[in-house]
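Asks: quick one, structure for this:
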Amino acid sequence: MANQLDLTASDKRQIVQNYLKPNSAQFDILSSTVINLDEQRTGYLGDHFLLSLTVLMSNGETDRVEQDIQLFVKALPTAIPTLAIYLEEMRAFTKEAQLFSQLIPRLSEFGRFCPEAVFVKGNNLIVFKNVKLEGFRVLSHNGGLLDLVHLEQALRALARLHATSFALEAQQGKLIVEQYPGLLEENSWLLEENYPRVTELEGVIDVICAIVAHSEQNSKRVGTLIKLLPNCVREIYELVKTSQMYRNVVSHGDLWNNNVMFRYSDSGIPVESLLVDYQLSRYVPPAYDFNMLTTLTTTSDFRSKHYTFLQGYYYQSLRAELNRHKIEIERMLSQDEFRESCQYYRKSAAIENFIISHITLLPKSILDDIFSSAESYAKFCGQAKIKRILETFDKELDYRTRMIDIIENMVDVFGLELK
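Replies: Down below sits the predicted model:
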């Protein structure tokens with residue numbers, strides 16, 4: 001059944017060899033099966049599968065042992081052709097495949113921050129070790145929100161990712177974008193003619209303005225926000241660019257609840273975190289990711305109480321990681337520079353919070369319906385999308401509360417009440 005993934009016998013053999021490294025035992029593949037994980041999916045921009053391989057290991061003429069290998073596979077979606085074309089046009093799968101075949105293995109030599117890829121085929125399929133077997137899982141039934149103990153582990157994983165950038169650059173004596181030219185070029189928010197996300201962003205602006213017009217009682221405020229918010233959202237095109245002021249790192253770029261996995265102690269306390277999904281990675285300062293993670297997984301009230309602590313926790317985690325590599329953090333990023341850059345990138349986090357959350361916070365039944373077929377996906381745009389969003393806004397208290405909080409955070413961050 002592995003041909004469901006277009007895997008040849010040679011592909012499967014290479015997968016097993018990569019999985020078993022550094023074990024050099026001889027083996028034969030006895031069987032392979034594929035299970036589609038659509039009903040268990042935590043993301044919608046890819047097809048997910050479980051690949052199981054039964055292998056007969058041979059360490060000698062008589063020492064033969066069967067071993068079952070279970071792997072997680074991420075592939076370009078096929079059920080919705082327009083979605084596949086969209087992902088190809090924005091080079092999402094291409095970027096992630098190239099990162100996992102070139103850069104991420106080098107970064108991972110300095111610290112673990114993501115699942116290990118054992119095989120990449122073209123630009124449309126990646127095979128990972130199944131970290132669920134280690135106990136890692138995405139936190140569910142939490143409304144996309146993380147508490148303090150989960151955020152601490154997520155920030156430690158983020159600090160490990162960022163520290164690997166500094167470590168690799170220190171080892172090689174040149175910037176990652178010089179070592180891997182083009183690999184981290186922006187593919188999410190490019191202001192270019194006919195680029196698919198330009199139209200998408202204008203659609204997002206229409207949605208945020210529709211929510212404001214639908215929910216805001218103060219007519220004068222409605223006019224002000226509808227006038228000012230669009231250009232605030234469009235600032236994302238500048239905010240994602242590599243900084244000329246602050247030190248840059250490999251940035252995850254898509255940090256919301258379902259892209260963070262946790263492993264727990266026997267008592268249920270999170271003890272480790274991994275970050276998944278690198279389709280939108282870029283080369284920007286650490287504060288971009290820090291603000292994105294802490295904004296998309298918390299409420300404004302939570303941040304008012306804990307933001308300063310979280311800043312300090314991330315910075316000290318980064319210091320500890322860099323100390324392992326014998327790098328002084330002050331040479332890379334002073335605490336004052338980090339705080340200053342955090343203030344600057346509050347804007348990108350506020351924008352991304354609405355862009356991502358107005359979709360991901362929809363009830364699962366609605367999301368499943370949207371991505372159930374090419375026809376349903378095609379209908380979720382323009383006025384039909386706005387209608388469905390506003391219906392959910394009216395019916396679902398949790399969704400309405402979060403959308404209002406996210407928009408009010410944008411108003412605060414951009415100082416719109418002062419204009």
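Asks: pLDDT weak spots in this protein?
Replies: 1-3, 24, 39-43, 60-62, 418-419 (pLDDT under 70).
Asks: can you rerun that using 50?
Replies: Residues of the chain meeting the criterion pLDDT under 50: 1-3.
Asks: distance between stretch 126-137 and the chain's centre?
Replies: How far stretch 126-137 lies from its chain's middle: 16 Å, per C-alpha atoms, centre = their mean, to the nearest Å.
Asks: over to stretch 336-349?
Replies: Worked out by C-alpha atoms, centre = their mean, stretch 336-349 lies 20 Å from the chain centre.
Asks: then stretch 89-109?
Replies: Put simply, stretch 89-109 sits 13 Å off its chain's centre (C-alpha atoms, centre = their mean).
Asks: buried residues in it?
Replies: 90-100, 103-104, 106-108 (16 or more other C-beta atoms under 10 Å). (C-beta placed from N, C-alpha, C; glycine too.)
Asks: swap in stretch 371-391?
Replies: Phe371, Tyr377, Phe380, Lys385, Ile386, Arg388, Ile389, Leu390.
Asks: would you agree the last one is in contact with Ile211?
Replies: Same thing as Leu390. Yes. With contact defined as C-beta atoms under 8 Å, Leu390 counts as touching Ile211 (7.1 Å).
Asks: give me the subset of the buried residues of stretch 371-391 lying in helices.
Replies: Tyr377, Lys385, Ile386, Arg388, Ile389, Leu390 (DSSP state H).
Asks: can I get the residues you listed in JSON lines with distance to Ser215?
Replies: Formatted as JSON lines, those follow (distance: C-beta to C-beta, whole Å):
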{"residue": "Tyr377", "distance to Ser215": "27"}
{"residue": "Lys385", "distance to Ser215": "17"}
{"residue": "Ile386", "distance to Ser215": "13"}
{"residue": "Arg388", "distance to Ser215": "16"}
{"residue": "Ile389", "distance to Ser215": "11"}
{"residue": "Leu390", "distance to Ser215": "9"}
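Asks: quick check, nearest of these to Lys227?
Replies: Ile386 (18.5 Å; C-beta to C-beta).
Asks: ranges for the strands of the stretch 201-350 of the chain?
Replies: 249-251, 260-264, 270-275, 282-284 (DSSP state E, counting those that start in this stretch).
Asks: still on that earlier bit, which of the ones in helices among the buried residues of stretch 371-391 lies closest to Gly122?
Replies: So of these, ranked by how close each gets to Gly122 (C-beta to C-beta), first place is Tyr377, at 23.6 Å.
Asks: check contacts around the closest one.
Replies: Counting by C-beta atoms under 8 Å, 6 or more residues apart in numbering, Tyr377 touches Ile80, Thr82, Leu83, Ile370, Phe371.
Asks: try 10 Å
Replies: Contacts for Tyr377 were tallied using C-beta atoms under 10 Å, 6 or more residues apart in numbering; they are Tyr44, Pro77, Ala79, Ile80, Pro81, Thr82, Leu83, Tyr86, Asp369, Ile370, Phe371.
Asks: tell me the SS of the closest residue to the last one other than its chain neighbours?
Replies: I take that to be Phe371. Distances taken as C-beta to C-beta, 6 or more residues apart in numbering place Tyr44 nearest to Phe371, at 4.9 Å, with adjacent residues excluded. Secondary structure, DSSP: H, G, I helix; E, B strand; the rest coil: Tyr44 is coil.
Asks: isn't Tyr44 right up against Ala79?
Replies: No. Taking contacts as C-beta atoms under 10 Å, Tyr44 lies outside contact range of Ala79: 11.0 Å.
Asks: got any residues that touch both of the two?
Replies: Asp38, Phe371, Tyr377.
Asks: pretty sure the first one contacts Ile80?
Replies: No. At 11.8 Å, Asp38 and Ile80 do not qualify as touching, with contact defined as C-beta under 10 Å.
Asks: for Lys129, name its beta-bridge partners.
Replies: Leu71 (DSSP bridges).
Asks: can you name the residues that contact the closest residue to Trp256 other than its chain neighbours?
Replies: Once flanking residues are discounted, Trp256 sits nearest to Leu296: 4.5 Å by C-beta to C-beta, 6+ apart. Going by C-beta under 10 Å, 6+ apart, Leu296 touches 144-146, 254-257, 259-260, 349, 352-357, 360, 406.
Asks: so among the residues you listed, which ones count as buried?
Replies: Buried, going by 16+ other C-beta under 10 Å: 144-146, 254-257, 259-260, 349, 352-357, 406, out of the contacts of Leu296.
Asks: and the helix or strand in which Glu178 is found, which residues are buried?
Replies: Per DSSP states H and E, Glu178 falls inside helix 176-179. Burial within helix 176-179, assessed by neighbour count using 16+ other C-beta under 10 Å, is assigned to Ile176, Val177.
Asks: quick one, helices of the stretch 251-400 of the chain?
Replies: Assigned helices in the stretch 251-400 of the chain, in chain order: 286-296, 300-324, 329-332, 335-344, 346-360, 364-370, 374-379, 382-395, 397-413 (criterion: DSSP state H, counting those that start in this stretch).
Asks: which of those helices sits closest to Glu238?
Replies: helix 346-360 (9.2 Å).
Asks: Asn194: what secondary structure?
Replies: Once three-state DSSP is applied, Asn194 turns out coil.
Asks: go on, the one 5 residues further on?
Replies: Of the three states, Thr199 takes helix according to three-state DSSP.
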